[in-house]
Each structure stands twice: as C-alpha cells, then as structure tokens.
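Quick one, fold the following:
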Amino acid sequence: MDTRHAVIDTVLGEVTLVASGRSIVGLYFRHHWYRPAEATFGRRVPITSDELLGDAASQLQDYLDADRVAFDLPTATAGDSFQESVWELVRQIPRGQTVTYGDLADRLGDKTLAQSVGQAVGRNPICVILPCHRVVGADARLTGYAGGVARKKFLLDLEEPASAKAERLF
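Model (predicted):
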C-alpha cells in the first residue's frame, strides 16, 4: 500500500496527515498521546504533490476557519471491533453537540464500559475528521483529548451554535 504523509501548520499547531492508498488514515498533532512512530507514516511528500493529502489539508483549513462544517474525505481506520464500534458512534455525533463517554457506553449496551470507551476514543487515528472532541466527561467536563484539552476546547467553541453562544452572553 502506498502510505505517505505531509505536515502542515494550522491554528492548532503542526498537524501530520497520513494517507494510505486512497484513504486518509491519520491526523496527528505533534505531541499526540498515541501518535504512531513516524516510520509508519510512509514517505513525506509536499502537500502540493498529493491530491488526497492536499484535499485533506484544504478541508481541515476550511474547517478551522469556520468555512466548512463537515469533511468529505475517504477515510479508513484499523481498530479492533470494539474501537470500530465506538468510532462509528462518534461519527454520528452532530456538529455543535456533545455526548459523554458514559452515553456512548450506554449506547453500546453496558454503562460500565465508559472507561473502555474513553480508551477507544483516545486512540482515534483521524481526530478532528472523526470528531472525538465531541465526547466529554461526566457533567460535560473537558477531559481526555489525545491532542490536548486546549485543542478540544478550541474545536468545541468553533462548533458551538450561535444560539448557544448568545445565551452565554446573558
């Protein structure tokens, strides 16, 4: 498989985008908690020389500039069956909304799985694109984001509906 990567600068800091074949398989921050070894990213290519990575970079920039509300990219994840089931639930969280780890565990049929859900969410290989930042701790606490809580807060603030922002002013 043709695995390659590109590094871009964003408002969130340096981001490494990884593609394998015709899919985006990784989006990692510089100090990402579960960042794979760089050797697994394949060769580094200029962002302008790879159509898929260029499109991913463009869509990410538009998203961070609030000019895009969703990603339209081919993606692939390679988790175990539990991780994939958690990530599928994460994909379904609407923009501007959050759910708790416990909520996801409950949707999987066992509220006691909240910690395991948190571990799966933390190992999401395509963060931002697969919106794991929308998963929060009990009582809406911002906890456990592999890219750092400051980035999680930025992304949630970016996605917050205008009506909710207006309500906070009063």
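
switch to C-alpha atoms for all contacts and neighbour counts from now on
Fine.

quick one: the nearest residue to residue 11 once chain neighbours are set aside from residue 85, how far?
The shortest distance from residue 11 to any non-neighbouring residue, by CA to CA, 6 or more residues apart in numbering, is to residue 64 (7.4 Å). Distance of residue 64 to residue 85, given as CA to CA, to the nearest Å: 27 Å.

show me what contacts the residue nearest to the spatial centre of the chain?
Closest to where the C-alpha atoms of the chain average out (CA atoms, centre = their mean) is residue 127, at 1.7 Å. Neighbour list for residue 127: 26, 27, 28, 133 [criterion: CA atoms under 8 Å, 6 or more residues apart in numbering].

picking that back up, so who does the residue nearest to residue 11 touch?
11, 155, 158.

Show me what the host helix or strand of the second one is packed against.
Assigned by DSSP states H and E, residue 155 belongs to helix 149-159. Helices and strands touching helix 149-159, by 3 or more CA pairs under 8 Å, 6 or more residues apart in numbering; DSSP states H and E: there are none.

got a list of contacts for that helix?
12, 64, 66, 95, 96, 133, 134, 142, 143, 145.

Does the fifth one touch residue 131 like I think?
In other words, residue 96. No - taking CA atoms under 8 Å as the definition, residue 96 is not a contact partner of residue 131, at 10.6 Å.
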